[in-house]
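In: need a 3D model of the sequence below.
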Amino acid sequence: MDNKTDMALRLLLSFIVGATVTGFSLNSGWQAYRDSPRASYGRWETRGVLKRIDSAIEEYRQQNQSLPRSLGQLPAGPASRLQIQADGTILDGWRRPFLYSREGARAVVLSYGQDGKPGGVGLNADLSNLRPNPPEAKISFKQFVAFAPAMVNACLISGMLAFLLTLVITNNAQFSRRGSIALAIKLIVTLVASALVASFMAMLHIPSGH
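Out: You can find the predicted model right below:
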């Protein structure tokens, strides 16, 4: 095998390993980010307030045999842990008033998410006391890339390191039959080690959400 063919094979193999590690670590980082309360403090806080509001509404219903006309009628203070504003509203995690309505025998408390607009997915999904954790609230991969650049960069760096490491450990002799087993073992070790390092680096870069 001549040097040009050898180098081409080494580059191709290194690219495959680097791309595999990058893809694995990006997916791992995304899954950790989308399920972490630290990904969005506003969303985490909103869900907590929704739970407290729902409990306060049920308590009001039991005491008065009816639903409150507004959130301002709910009990405030240490017992309910609700902070009711002077105008009778309660703020969500993004410092916007919850929307309150009555639908028959049900009370609906709604937040329009991070963007403050109806609908949306990921961080922009609507959250309510009836659906505090809807499927569409899962953070999309596009939002992960946009809102967690440090994690994305860590994954890309890990892929680049895996590429360079593979390029270093491969040589012409290992492309022969005799060297193929040793090469396969080295590549497996490289893949596993790089993936573990990439996942660890990604975990360290989960943002606080503040």
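In: buried residues of the host helix or strand of Val168, list them for me.
Out: Per DSSP states H and E: Val168 is located in helix 149-169. Neighbour counts using 16 or more other Cβ atoms under 10 Å place 151-152, 154-156, 158-159, 161-163, 165-167, 169 of helix 149-169 among the buried residues. From N, CA and C alone the C-beta is placed, and that goes for glycine too.
In: buried ones in stretch 83-103?
Out: 84, 89-94, 96, 98-100.
In: where is pLDDT lowest across the buried residues of helix 149-169?
Out: pLDDT across these is lowest for Ile169, at 76.
In: and that residue, how far from Leu26?
Out: Using Cβ to Cβ, to the nearest Å, one gets 23 Å for the distance from Ile169 to Leu26.
In: how about Arg34?
Out: 12 Å.
In: and those two? Which one has more around it.
Out: Taking neighbours as other Cβ atoms under 10 Å, Arg34 and Leu26 compare with Leu26 leading, 22 against 19.
In: quick check: buried residues in the host helix or strand of that one?
Out: If you go by DSSP H and E, Leu26 is part of helix 3-34. By neighbour count on 16+ other Cβ under 10 Å, the buried set for helix 3-34 is 6, 10, 13-14, 17-18, 20-22, 24-26, 28-30, 32-34.
In: could you point out which element follows that helix?
Out: The helix or strand immediately downstream of helix 3-34 is helix 41-64, counting by DSSP H and E.
In: quick check: angle from the helix or strand that that next one is followed by to helix 41-64?
Out: Sequence-wise, the next helix or strand downstream of helix 41-64 (DSSP H and E) is strand 99-103. Orientation of strand 99-103 against helix 41-64 (axes from the mean of the first three to the mean of the last three Cα atoms, to 10 degrees) gives an angle of 40 degrees.
In: can you name every helix or strand that strand 99-103 contacts?
Out: For strand 99-103, the packing partners by 3 or more Cβ pairs under 8 Å, 6 or more residues apart in numbering; DSSP states H and E come out as strand 106-111.
In: need the pLDDT of Gly77.
Out: Looking at Gly77, the pLDDT reads 74.
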